[in-house]
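**Q** structure, please.
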Amino acid sequence: GFNVPVVVSGGEAAISATKILKPDLILMDIKLEGDIDGIKAAEKIKQSYEVPIIFLTANTEDDLLEIASETGPLAFIIKPFKAKDLVANVKNALSQRKTILNRIENGSFAFDKEFNNSVKNSANYIYTLEVRNSYPFIIQHSYGCIYVTGYSLEEYYSNPVLYYEIIYKDDKQIFIENINKMLCRDLVEPFEYRIVRKDGSVRWVRNIPIPRHDANGELFAYDGLIEDITERKVSEEFIKNILQAVDEVFVVIDRDYKIISANRAFYEQVGMNSETVIGKKCYEVFHKLSLPCYKTGISCGVNHIFNMGTSHAADCHYHGDNNNQLHVETKYYPLKDISGNIVSAIVTILDRTEKKKLEEQLFHSQKMEVLGQFASTVAHEINNYLAAMTTYAQILKMKINKNSPLFKYVNQIILSSEKIAGLTRNLIAFGKKQE
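**A** Below you'll find the model as predicted:
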């Protein structure tokens with residue numbers, strides 16, 4: 001016989017019972033009491049526990065069965081059913097589970113029923129990697145593995161190194177380097193590589209490891225999410241080929257503020273190469289900062305793209321090779337995937353450094369022209385008064401006796417007037433040079 005620990009009538013109760021009892025098999029009626037039906041309950045259970053589910057239903061509508069099948073049940077039993085049919089399905093489900101557990105045990109894997117993650121997209125492949133004696137063990141695979149890789153759970157559990165074997169040969173080193181970081185307890189950022197699906201097709205995936213710590217804060221495992229990013233990669237490659245052919249500067253930046261692509265014109269403009277740019281943070285390359293621009297009070301177009309979802313334009317200063325400063329005009333545009341989600345920002349950069357210098361020279365020239373005009377005007381006004389002063393001084397000189405004590409003062413006035421006249425001539429000459 002079979003041990004039935006509990007019978008519940010609602011979806012919430014089914015989820016709670018699964019968490020407490022961790023059963024080997026769940027018989028789930030699609031129609032349950034409360035707001036959560038059997039399909040929703042199965043979805044929530046599958047997100048956290050690898051427990052096989054058999055659906056019971058009297059409804060044979062294709063649409064409903066198709067929705068229910070997305071949760072990955074082992075079987076459907078249509079009501080009314082015979083006891084022997086139910087027993088046969090239960091035995092078959094338990095047999096499959098026992099086979100998987102035996103394979104796990106033979107491969108020295110410990111099956112972790114609780115799979116702590118908040119990802120609800122069943123098309124993503126979720127796994128748990130446990131670190132034991134400096135060696136990585138992937139101890140759990142979600143049903144999403146078949147969507148991403150084409151291989152079933154049984155195939156993964158029967159071949160513990162399948163997850164590595166399917167990595168494209170030229171990308172295995174990328175995976176190894178990140179696994180080594182995990183083993184060294186280092187924080188591992190999302191990384192991308194190619195895999196060879198069961199059908200032989202090559203697909204791009206993004207691996208997002210999430211560290212798990214025990215009560216003492218010690219790292220003991222990673223939860224991971226692997227998503228297929230082939231469509232995004234194809235779009236990026238298409239755009240990259242176009243951008244390489246044009247003279248305008250283009251840069252593509254992802255959500256982590258990493259530069260993932262730059263065209264030939266960019267490298268020529270800033271005097272850098274791909275090794276010093278690709279994979280680096282944009283704020284490190286452009287502004288020589290250790291934090292994102294918006295955290296330092298600088299307007300950030302990339303942050304605007306991901307938060308507001310609209311294009312943006314700004315004038316700013318970038319640092320080129322040898323720390324030479326470039327005055328640039330930047331425009332930011334959102335790049336979306338086929339689902340309409342913004343995955344990266346395209347930045348166009350127009351070097352305005354020479355134009356800025358010319359504008360500054362023009363401004364200086366205009367300023368000097370105004371100054372010259374002002375100097376000429378002042379000089380002419382001074383000359384008007386100076387002519388009268390000099391004339392009266394000459395008249396006084398003729399009327400005063402040479403032996404008079406005032407005679408030398410009149411001479412001094414005349415000499416000073418001549419010096420002032422020389423200064424005004426210089427001012428007038430300066431004004432003519434600025435015209």
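
**Q** check whether T296 really touches L289, as I assumed.
**A** Yes: in this structure T296 lies within contact range of L289 using Cβ atoms under 8 Å: 6.0 Å. Glycine gets a C-beta too; all of them are placed from N, C-alpha and C.

**Q** please say which of the two ends up with more neighbours.
**A** Neighbour tally, T296 and L289, criterion other Cβ atoms under 10 Å: the higher count belongs to L289, 16 against 12.

**Q** which stretches of the stretch 1-150 of the chain have low pLDDT?
**A** 1, 62, 96-123, 131-137 (pLDDT under 70).

**Q** could you pull out the strands for it?
**A** 26-29, 53-57, 75-78, 125-132, 135-141 (DSSP state E, counting those that start in this stretch).

**Q** and the longest one, what does it pack onto?
**A** Here strand 125-132 touches strand 135-141, helix 145-149, helix 172-183, strand 202-213, strand 219-228, going by 3 or more Cβ pairs under 8 Å, 6 or more residues apart in numbering; DSSP states H and E.

**Q** weakest of these by average pLDDT?
**A** Looking over the helices and strands packed on strand 125-132, mean pLDDT reaches its minimum on strand 135-141, with a mean of 71.

**Q** if we can go back for a sec, okay, the strands of the stretch 1-150 of the chain in JSON lines with mean neighbour count next?
**A** Output for the strands of the stretch 1-150 of the chain, formatted as JSON lines (neighbours: other Cβ atoms under 10 Å):
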{"stretch": "strand 26-29", "mean neighbour count": "20"}
{"stretch": "strand 53-57", "mean neighbour count": "20"}
{"stretch": "strand 75-78", "mean neighbour count": "15"}
{"stretch": "strand 125-132", "mean neighbour count": "20"}
{"stretch": "strand 135-141", "mean neighbour count": "19"}
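
**Q** contact partners for S290?
**A** For S290, the contact set (Cβ atoms under 8 Å, 6 or more residues apart in numbering) comprises 283-284.

**Q** would you say it is within a helix?
**A** No: assignment of S290 by DSSP: H, G, I helix; E, B strand; the rest coil gives coil, placing it outside any helix.

**Q** can you give me the distance of it to I253?
**A** Per Cβ to Cβ, to the nearest Å, S290 is found 17 Å from I253.

**Q** ok, now N411?
**A** For N411, the distance to I253 - Cβ to Cβ - is 79 Å.

**Q** now render the helices and strands packed on strand 125-132 as JSON lines, adding distance to A429.
**A** As requested, those are arranged in JSON lines below (distance: least, Cβ to Cβ, whole Å):
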{"stretch": "strand 135-141", "distance to A429": "84"}
{"stretch": "helix 145-149", "distance to A429": "82"}
{"stretch": "helix 172-183", "distance to A429": "72"}
{"stretch": "strand 202-213", "distance to A429": "72"}
{"stretch": "strand 219-228", "distance to A429": "75"}
